[in-house]
Every structure is written in C-alpha cells, then in structure tokens.
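Dropping the sequence and predicted coords here.
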Amino acid sequence: MSSISRYHGLLAKNGCLVIDEITIDPARHIVSVDGKTINLAPKEYDLLLMFIDHKDLVLTRDQILDNAWNSDFEGYDRTVDSHIKKLRKALGKAGYHIETVIKTGYVWKSGKK
C-alpha cells in the first residue's frame, strides 16, 4: 500500500485525497463520489489507490496482480478483471476513470467526463 505522503498534490486541507468527483479519506478508508459514501471491499480500495498512484500509465494484468496481490498469488490474471468490474460498479458514474486497454490491461484517466 502507498504512503499518504505520495499524494501531496492531491491532499485537501482535511487530509483527504480529491480526484475529480472522488474523495478518499485514507485515515478512515472511506471513499465518496460526489459526496456520497460508497462501500469498497479492501481489495477494491487497494486497486483504487494503485490506479491513482499510476494515473495515466497503462498497467498490465500481471502488473496489477503483482502490485495488489503480491507475487505469491497463484490465481489467474482474470481475477483482476473481476475486481475491476466490481470497482467500476462501486464507483458508479466515476467508473469511467478506469479504461480498458484491449489485450493489455487498464489505465486510470483523470478529468471529469
């Protein structure tokens, strides 16, 4: 998991991360979209932070597995697809930030749609 100090450019005065319509309170592991709190499983929360850490960079499924599950994970790379689908659904209208890169992986795009 990432250190909060890595987000200095995104930190608001209250210690929350603000990325377009998404607000993350890292101290309490609370995420909201347009002020409405959403429920994320721990893995989806980790994926969200990972994407923000690597915004605008295409991440392969293997990179995501290594980053979010560690190298000891013995599952399939399609596990990533399942968790990305859950994360997009939880983010609702903000799910557009996670774009699929065909036959490669995913990328986080900032900027309101």
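Great, that's in hand. Numbering: from 1, shown residues only.

can I assume Ile19 is in contact with Ser110?
Yes. With contact defined as C-beta atoms under 8 Å, Ile19 and Ser110 form a contacting pair (6.4 Å). Glycine gets a C-beta too; all of them are placed from N, C-alpha and C.

shaky segments in the protein?
Along the chain, segments meeting pLDDT under 70 span 1-13, 70-77, 113.

which one's the longest helix in it?
With secondary structure taken from DSSP state H, the chain has its longest helix at helix 78-91.

Residue nearest the middle of this protein, spatially speaking?
By C-alpha atoms, centre = their mean, the chain has its centre lying nearest to Leu48, at 1.4 Å.

Please give me every residue in contact with the nearest residue to that one once chain neighbours are set aside.
Residue nearest to Leu48 in three dimensions, not counting chain neighbours: Leu87, with 6.3 Å by C-beta to C-beta, 6 or more residues apart in numbering. Each residue near Leu87 by C-beta atoms under 8 Å, 6 or more residues apart in numbering is listed here: Leu40, Glu44, Leu47, Leu48, Gly95, Ile98.

Same question for Lys43.
Contacts of Lys43 by C-beta under 8 Å, 6+ apart are Ala68, Trp69, His83.

Counting neighbours, which of these comes out on top?
Ala68 (20 neighbours; other C-beta atoms under 10 Å).

can you pull out the strands in this structure?
Shown for the chain, the strands assigned by DSSP state E span residues 17-19, 22-25, 30-33, 36-38, 59-60, 98-101, 105-108.

Can you get me a residue count around Asp66?
Asp66: 13 neighbours (other C-beta under 10 Å).

I meant to write Leu47 there.
25.
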